[in-house]
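*Asks:* pasted the sequence and its predicted model underneath.
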Amino acid sequence: MSHLPVVPHWINGAERVSTSGRTSPVFDPALGVATKNVALADTAEIDEAVASAKKAFPAWRDTSVTKRQQIIFRFRELLNERKGDLAEILTSEHGKVISDALGEITRGLEVVELATGFPHIIKGEFSENVSTGVDVYSTRGPLGVVGIISPFNFPAMVPMWFFPIAIAAGNTVVLKPSEKDPSSANWLAALFTEAGLPNGVFTVLHGDKVAVDGLLEHPDVKSISFVGSTPIAKYIYETAAHHGKRVQALGGAKNHMLVLPDADLDLTADAAINAGFGSAGERCMAISVLVAVEPVADELIEKITARMSTLVVGDGRRSCDMGPLVTEVHRDKVASYLDIATEDGATVVVDGRGIEVDGDPDGFWLGPSLIDNVSTTSRVYTDEIFGPVLSIVRVKSYDEGVALINASQYGNGTAIFTNDGGAARRFQNEIEVGMIGINVPIPVPVAYYSFGGFKDSSFGDSKAYGIQGFQFFTREKAITSRWLDPSHGGINLGFPQN
């Protein structure tokens, strides 16, 4: 595969051809073939990327709020105009269908739009005359160079959870995207440069564990933001914190949907399909366990299977409902859980292996799969499968369902489907999960709230985006001031500009 083009780094406002000699293949999942390679950084390139960001920091920190805001606005407009181009890149490397890719970009745009309002969000406070002639006020300023390590499942949206806020607040960013689908990061960096962002403010460093560890340990990187599996999130948190950094590390999930007997089962079945199989189940907010309070399980399974039979799996560039999984290795790992289910005594109601697809036979295909009577001791239940596999667990009561959810090691997202307002209110109070949906299957908060879970789904100092995102990427100074003599400036009858 040495003949394939290589995705370069983006350093100091331009593509930087790697000299490390190391690359990794990037596949088109719908075709099952490598279409390019991506550079894997060595220590020298890591240092070069961080040094470029560090050099750019003082000038960007001191750039006026007005100018920074104008650049963020321009980036937002360009991204909205050209999101179709970015969606095609996402589909070609991740495999998700075009409509899903556009949805991902839209959710990322929400955070960009939030970032345009940063002057109000990060402004300080002022207390006059706290003592005679003494005022106290606060300011919020940037940290410096910040690192972002993003996963393969949302190569555009997840970075946009972090970098618009970090950059708006005056930081410079080094982004390490997933090596499985790296091209969108370069595209975003080039677009931001076109919007007027100075060179070095947004850097893309491609790589593997060498690059990750380089950012975690580098003394000039002040914070780390990460989204991924729980074992890696824990490693990221512990390593970065040991090196004195602020950390946002969002980990894995096993999201449950509790269905009460009074629920609208047609609405519930639609939601289970959307939340279980969208983006081929490769998302941390997927519903992977449906907890059915009897006697609704049999009727609900019938409705879900009927809907599953209408889904078209195929190349995301065609008119399909669900695309392939991101790699062959990942597809095979997800498919193995269907055998585990049978071995553990569960019933595979719908087996997604060997389905007919609207795409190349060599693609990394696995159709939507449904498993009933899953035991909570089975790995099908305990593991984060991260694929289009929906498990049914039957319980006898609301209380049993809540206890089951609260016993999980994860606490990322959950949902309840019911027409009983009292039960819903009780659920949101009793459940030990960070993001909750009530008759909403994927409770991803809008941008002006914050994203993050409890327990082994989150490590570090804060959630992502929202007010907590701005607090994470800034630090506060408190100033106590006394002026004994007034000072006067010159005469200027015009409005101040920048």
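*Replies:* Good, I have the coordinates.

*Asks:* element containing I371, please.
*Replies:* I371 is located in strand 369-372, with elements delineated by DSSP states H and E.

*Asks:* what's in contact with that strand?
*Replies:* 297, 301, 304-305, 308, 338, 341, 346-353, 380, 388-392 (C-beta atoms under 8 Å, 6 or more residues apart in numbering). For every residue, glycine as well, the C-beta is placed using N, CA and C.

*Asks:* give me the buried subset of the residues you listed.
*Replies:* 297, 301, 304, 308, 338, 341, 346, 348-352, 380, 388-392 (16 or more other C-beta atoms under 10 Å).

*Asks:* in helices, which of those appear?
*Replies:* Judged by DSSP state H, helices contain the following of the buried ones among the contacts of strand 369-372: 297, 301, 304, 308, 338, 341, 380.

*Asks:* where along the stretch 1-150 of the chain do the strands fall?
*Replies:* 6-7, 9-11, 14-16, 23-28, 33-39, 126-131, 134-142, 145-149 (DSSP state E, counting those that start in this stretch).

*Asks:* who's in contact with the second one?
*Replies:* Read it as strand 9-11. 15-18, 39, 41, 45, 48-49, 52, 185-186, 189-190, 200, 202-206.

*Asks:* and the fifth one, by the same measure?
*Replies:* Residues outside strand 33-39 that contact it (C-beta under 8 Å, 6+ apart): 1, 4-9, 17-18, 20, 22-28, 92, 179, 182-183, 206-207, 362.

*Asks:* select only the buried ones of the residues you listed in PyMOL?
*Replies:* Those of the contacts of strand 33-39 that count as buried under 16+ other C-beta under 10 Å are selected in PyMOL with:
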select buried, resi 7+8+9+18+20+22+23+24+26+27+28+92+179+182+183+206+207
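
*Asks:* what's the closest non-adjacent residue to D344?
*Replies:* For D344, ignoring the flanking residues on the chain, the nearest one in space by C-beta to C-beta, 6 or more residues apart in numbering is S378 at 4.0 Å.

*Asks:* give me the number of residues near the one you found?
*Replies:* Neighbour count of S378, defined by other C-beta atoms under 10 Å: 20.

*Asks:* pretty sure it is touching D339, no?
*Replies:* No: using C-beta atoms under 8 Å, S378 is not in contact with D339; the gap is 11.7 Å.

*Asks:* just checking, A478 is part of a strand?
*Replies:* Yes: using DSSP: H, G, I helix; E, B strand; the rest coil, the assignment for A478 is a strand.

*Asks:* before we move on, what's the pLDDT of the closest residue to it other than its chain neighbours?
*Replies:* Spatial nearest neighbour of A478, excluding adjacent residues (C-beta to C-beta, 6+ apart): S138 at 5.0 Å. With respect to pLDDT, S138 has a value of 97.

*Asks:* S138 and P295, how far apart?
*Replies:* 58 Å (C-beta to C-beta, to the nearest Å).

*Asks:* tell me which helix or strand comes right after the host helix or strand of D399.
*Replies:* Assigned by DSSP H and E, D399 belongs to helix 398-406. Next along the chain after helix 398-406, taking DSSP H and E as the criterion, comes strand 410-411.

*Asks:* what's in contact with that following strand?
*Replies:* Counting by C-beta under 8 Å, 6+ apart, 230, 251-255, 384, 432-434, 453-458 sit against strand 410-411.

*Asks:* neighbouring strands of it in the sheet, and parallel or not?
*Replies:* Strand pairing for strand 410-411, determined by DSSP bridges: strand 454-455 (antiparallel).

*Asks:* distance from the strand holding I371 to the middle of the chain?
*Replies:* Distance of strand 369-372 from the chain centroid (C-alpha atoms, centre = their mean, to the nearest Å) equals 26 Å.

*Asks:* all set, thanks.
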